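Colleague: Turn this into a model:
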Amino acid sequence: MRSLILAAILSTCLQLSFVWLGSAQQSSKLVPDRLTFSDDSNSQIGATYRLNGVTIQDGFSSSTITPGTVSAGGDLLKAISDGQGFTVKDFALFPASRSNLDLKELTFVTSGTQDQETWTFGITDVGAFDENDQVQSALSLRYTRVINGLPIFYPLLFVNPEEGNMGMGTYTQDFNAQLYVQEFGQDQIAISANNTSATNESRWGVYSTCQGSGTGIRFGVVGQAFTSSGTRYGVLGTADPDFGYAVYASGNMAYTGTFSTASDQKLKKNIREFTALDRVLRLRPKTYEMKREEFKRMNLASGQRFGFIAQELQEVFPELVREQVHAAPYPDGDSLNVERTDYLGVEYMGLIPILTKATQEQQVLIEENEDRFLSLERENQALERRNQALESRLAQLEALVGQLIEQQSDQENTQHIGLTNARLEQNQPNPFSNNTSIVHDIPATIKEAKLEVSDANGRVLKVISIPQRGHGKTILETDLLTGGTYFYSLILDGKVIDTKKMISVK
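Modeller: Residues are numbered from 1 along each chain as shown. Next comes the predicted model:
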């Protein structure tokens, strides 16, 4: 198969070369004047070969040239014309030669006063020359042009059947690729693929796969850009965003640098503020898993995911939901088919400014509430100060009332005790905080004696039975009493003998 390919390339190039040869005399300022075919090991010296109407005669030792033929030979020192305006002359300037390669090449030369062009096409031996080895040949095509005495070398093609690869723009077999293209700066593009098919079926400009059963890393496409200065694009994709994707990944995406989107003010119009908090509060985040088994060719993410349901997000932020098309090519015999899946996609990057705006609005509300709280706190402190002032005045009034009551009680008790020999003394200490003691005298004839404690509203809080008679003392525990004014009464056989006031300062 490779031999057939090489033969086809050789035949095509020869046809193109001689077609160009025939037209050069009429259209080019460079007049073809030398054509050589060098092969000093060829046993067919002197033989003639017919290609597309042009006869080539190999005659290194030939002394005559058949009219109408193109001959080569180191001893050819005369010009021969075929009578049709085609002249071959002075082949001695291009003798057959071999340096480190065995050259079996056809050379076509045109020359002018300062300019010269040379096309060389033929078979080149790969490796060091050895007459006894099996020739491992490669097909090459190269072009040399001399402009104002300065040569420019253009290696165009190198086909190496030993490695099964082809190089373009190179004249060496030292490349590790099935097809290697090298561009030396004469052209903008090293490889250009353009599929201009008008069919409605799927078409590709470039389709690349890398597969195998090994465990090594596989790269379907690798793009690299290295220069000493200037902007570099490893891979550049362009597409109208309304109709397609500049880059579409069927599977996970990752990067080690930064990811940016066009945001320059000069690229934007209709710039205005917006509100977001009310709509953000309507969002319904979800956790979910993708249907990987049902949509295998989409290479959906695995494991538990966090995000939004596109249809639900569309109700709140329709600007962030897009109709998408997943077109998965797959081999089908000798052609490629496409499995199409229509779905809704979410522009999660667009949520960043929305959430930022919602956070700002929420912060304004928080600060307003903080100011309102501080204002209420100041008002509360003022009310507390007023309340403390009122409580202080109330305590003073209660103390005065207590003194009046105490004076009246003392008078009444004096009269009562004088009649019954019973007596109730003022508690000590007074005011008190934890407990206080009450001294009393109870006649022996009294059957039931008790102390009754009540608050300022007359509500009885505690009743203490007094079993002893005569002069005694009762310790009043005040665990249940809060700060304020209280009263205690001595009750003998159901009659109130005396009542006194006491003040708790807890």
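Colleague: In the stretch 151-300 of the chain, what residue spans correspond to strands?
Modeller: Taking DSSP state E, counting those that start in this stretch as the criterion, the stretch 151-300 of the chain carries its strands at 165-168, 179-181, 286-288.
Colleague: Give me the distance from the first one to the chain's centre.
Modeller: Using Cα atoms, centre = their mean, to the nearest Å, the mean C-alpha position of strand 165-168 is found 37 Å from that of the whole chain.
Colleague: dump the residue contacts of the closest residue to R218 other than its chain neighbours.
Modeller: In this structure, R218 finds its nearest non-sequential neighbour in C210, 4.5 Å apart by Cβ to Cβ, 6 or more residues apart in numbering. From N, CA and C alone the C-beta is placed, and that goes for glycine too. When contacts are counted by Cβ atoms under 8 Å, 6 or more residues apart in numbering, C210 is found next to R218, F219, G220.
Colleague: Please name the residues that touch the second one.
Modeller: Which is F219. Listed by Cβ under 8 Å, 6+ apart, the contact set of F219 reads C210.
Colleague: domain parsing for this structure?
Modeller: Following automatic domain parsing, the chain resolves into domains at 2-181, 281-346, 403-504.
Colleague: Where among the ones you listed is average confidence lowest?
Modeller: Per-stretch mean pLDDT for those is lowest at domain 2-181 (a mean of 53).
Colleague: returning to that earlier point: what's the closest of the strands of the stretch 151-300 of the chain to R232?
Modeller: Closest approach to R232 among the strands of the stretch 151-300 of the chain (Cβ to Cβ): strand 179-181, 18.9 Å.
Colleague: neighbouring contacts of that closest one?
Modeller: N165, M166, G167, M168, G169, T170, A190, I191.
Colleague: Highest neighbour count among the residues you listed?
Modeller: The most neighbours of any of the contacts of strand 179-181, using other Cβ atoms under 10 Å, belong to G167, which has 24 neighbours.
Colleague: unless I'm mixing things up, that residue is touching L157, no?
Modeller: Yes. In this structure, G167 is within contact of L157 by Cβ atoms under 8 Å, at 7.3 Å.
Colleague: so what's F432 bridging to?
Modeller: For F432, the beta-bridge partners are S504 (DSSP bridges).
Colleague: right, and it touches Y488 too?
Modeller: No. Shown here, F432 and Y488 do not form a contact pair, counting by Cβ under 8 Å, at 11.8 Å.
Colleague: any shared contact partners between those two?
Modeller: Counting by Cβ under 8 Å, 6+ apart, the common neighbours of F432 and Y488 are M502.
Colleague: So what's the gap between the helix ranked longest in the chain and the chain middle?
Modeller: Longest helix of the chain, by residue count under DSSP state H: helix 351-420. Put simply, helix 351-420 sits 59 Å off its chain's centre (Cα atoms, centre = their mean).
Colleague: got a list of contacts for the helix or strand just after it?
Modeller: Sequence order places strand 423-424 as the next helix or strand after helix 351-420, per DSSP states H and E. Applying Cβ under 8 Å, 6+ apart, the contact partners of strand 423-424 are N413, I417, I438, H440, D441, S489, L490, I497, D498, T499, K500.
Colleague: Let's have the residues you listed in TSV, adding neighbour count, secondary structure and distance to L480.
Modeller: Converted to TSV, those look like this (neighbours: other Cβ atoms under 10 Å; DSSP: H, G, I helix; E, B strand; the rest coil; distance: Cβ to Cβ, whole Å):
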residue	neighbour count	secondary structure	distance to L480
N413	20	helix	27
I417	16	helix	30
I438	23	strand	16
H440	21	strand	21
D441	17	strand	27
S489	18	strand	18
L490	26	strand	20
I497	22	strand	24
D498	21	strand	23
T499	19	strand	20
K500	21	strand	19
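Colleague: TSV for those residues, including distance to L313?
Modeller: Listed next are the contacts of strand 423-424 as TSV, based on distance: Cβ to Cβ, whole Å:
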residue	distance to L313
N413	86
I417	90
I438	78
H440	83
D441	89
S489	77
L490	81
I497	85
D498	83
T499	78
K500	78
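Colleague: Tell me the one of those residues nearest T227?
Modeller: Using Cβ to Cβ, I438 is the member of these that lies nearest T227, at 104.8 Å.
Colleague: what's across from the closest residue to V159 other than its chain neighbours in the sheet?
Modeller: Closest residue to V159 apart from its sequence neighbours, by Cβ to Cβ, 6+ apart: L139 at 4.2 Å. L139 forms beta bridges with I123, V159, as assigned by DSSP bridges.
Colleague: just I438 next, same as before
Modeller: Residues in beta-bridge contact with I438 (DSSP bridges): T474.
Colleague: Quick one: closest of the strands of the stretch 151-300 of the chain to G402.
Modeller: Smallest distance to G402 across the strands of the stretch 151-300 of the chain (Cβ to Cβ): 70.4 Å, for strand 286-288.
Colleague: How far does the closest one sit from its chain's centre?
Modeller: Distance of strand 286-288 from the chain centroid (Cα atoms, centre = their mean) equals 21 Å.
Colleague: Contacts for that strand, please.
Modeller: The contact list for strand 286-288, computed with Cβ under 8 Å, 6+ apart, reads Q304, R305, F306, G307, F308, I309.
Colleague: between those, which has the most around it?
Modeller: When neighbours are counted by other Cβ under 10 Å, F308 leads the contacts of strand 286-288 with 20 neighbours.
Colleague: show me the residues around that one that make contact.
Modeller: Taking Cβ under 8 Å, 6+ apart as the criterion, F308 is in contact with L283, R284, P285, K286, V346.
Colleague: Give me the nearest residue to E361, chain neighbours excluded.
Modeller: Per Cβ to Cβ, 6+ apart, closest to E361 is L277, 4.1 Å.
Colleague: thinking again about what came up before, can you put the strands of the stretch 151-300 of the chain in a markdown table and add distance to L267?
Modeller: Below are the strands of the stretch 151-300 of the chain laid out as a markdown table (distance: least, Cβ to Cβ, whole Å):
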| stretch | distance to L267 |
| --- | --- |
| strand 165-168 | 39 |
| strand 179-181 | 36 |
| strand 286-288 | 34 |
